[in-house]
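Engineer: Structure for the following, please:
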Amino acid sequence: MAALDLQEQEQFEALKAWWRENSKQIFVALLLVAIVMGGWRGWQYYQQKQSSEAATLYGQFLNQMESNDIKRVNDAAAAVMNNFASTAYAPRAALLAAQANEQVKDAGLAKTQLQWVISHAKETGLKDVARLRLAAIMLDEKNYDSALNLLETPHPSSFDSLYADLRGDVLSAQGKTEEAKSAYKLAYEKTDAKSMYRNLIQMKLDALGAAK
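Structural biologist: Reported below is the predicted structural model:
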């Protein structure tokens with residue numbers, strides 16, 4: 001039995017390592033979904049109403065994202081955030097810059113940018129993406145209470161599975177196995193049956209010894 005427990009623990013650790021490696025790509029996809037979802041009309045409005053300077057500045061920021069020069073990325077993002085904070089461009093620049101900073105292990109700046117999105121974005125989808133990313137960083141830093149506080153924030157039902165899954169990760173890291181199982185079960189139920197993401201949640205449940 002002890003050997004089986006050890007095997008399950010190794011499986012779970014491998015799963016968490018996989019998640020750390022792939023979570024950024026998952027959340028980038030989530031970000032794109034959030035951009036396209038209900039805020040599309042608002043995005044069109046901003047495109048029509050904002051000055052050509054704002055559009056040009058955001059375009060320059062996107063060019064810097066392709067350069068992989070983190071200083072230029074942050075400088076360009078700051079320019080959009082400082083000069084056009086009320087537009088739809090600014091939170092998008094902040095989210096993408098935060099992603100870039102996570103990739104270079106600058107969690108401090110990434111957290112600042114994500115918090116800026118939470119405080120300034122007008123689109124709830126962007127706020128929800130920022131909260132998820134910020135909670136994931138808090139989890140990595142073992143700041144479990146702060147992560148859970150973020151994940152308890154009211155959010156649209158379309159985000160239920162992602163919030164519940166990450167909550168399960170935090171609870172599991174705290175050693176709260178039964179609570180983690182409940183969170184993963186909720187995430188499983190809220191995830192589309194055809195989604196490969198559901199299989200990952202089931203693997204987490206299996207690692208904790210829980211049935212579907």
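
Engineer: all contacts plus neighbour counts: C-alpha atoms, from now on.
Structural biologist: Fine.

Engineer: how long is stretch 187-204 from one end to the other?
Structural biologist: The straight-line separation of the ends of stretch 187-204 (C-alpha to C-alpha, to the nearest Å) is 11 Å.

Engineer: model confidence over it, on average?
Structural biologist: For stretch 187-204, the mean per-residue pLDDT is 88.

Engineer: Tell me which helix or strand comes right after the helix or strand of the chain with the lowest mean pLDDT.
Structural biologist: Lowest mean confidence among the helices and strands of the chain (mean pLDDT, DSSP states H and E): helix 40-49, at a mean of 52. Next along the chain after helix 40-49, taking DSSP states H and E as the criterion, comes helix 52-67.

Engineer: Is the residue nearest in space to the middle of the chain in a helix, a strand, or coil?
Structural biologist: Nearest to the geometric centre of the chain sits R133, at 3.1 Å (C-alpha atoms, centre = their mean). Secondary structure for R133, judged by DSSP: H, G, I helix; E, B strand; the rest coil, is helix.

Engineer: Tell me how far it lies from K127.
Structural biologist: Taken as C-alpha to C-alpha, the span from R133 to K127 is 10 Å.

Engineer: what do you get for A180?
Structural biologist: For A180, the distance to K127 equals 24 Å [C-alpha to C-alpha].

Engineer: pLDDT below threshold where in this protein?
Structural biologist: Along the chain, the parts satisfying pLDDT under 70 run over 1-52, 210-212.
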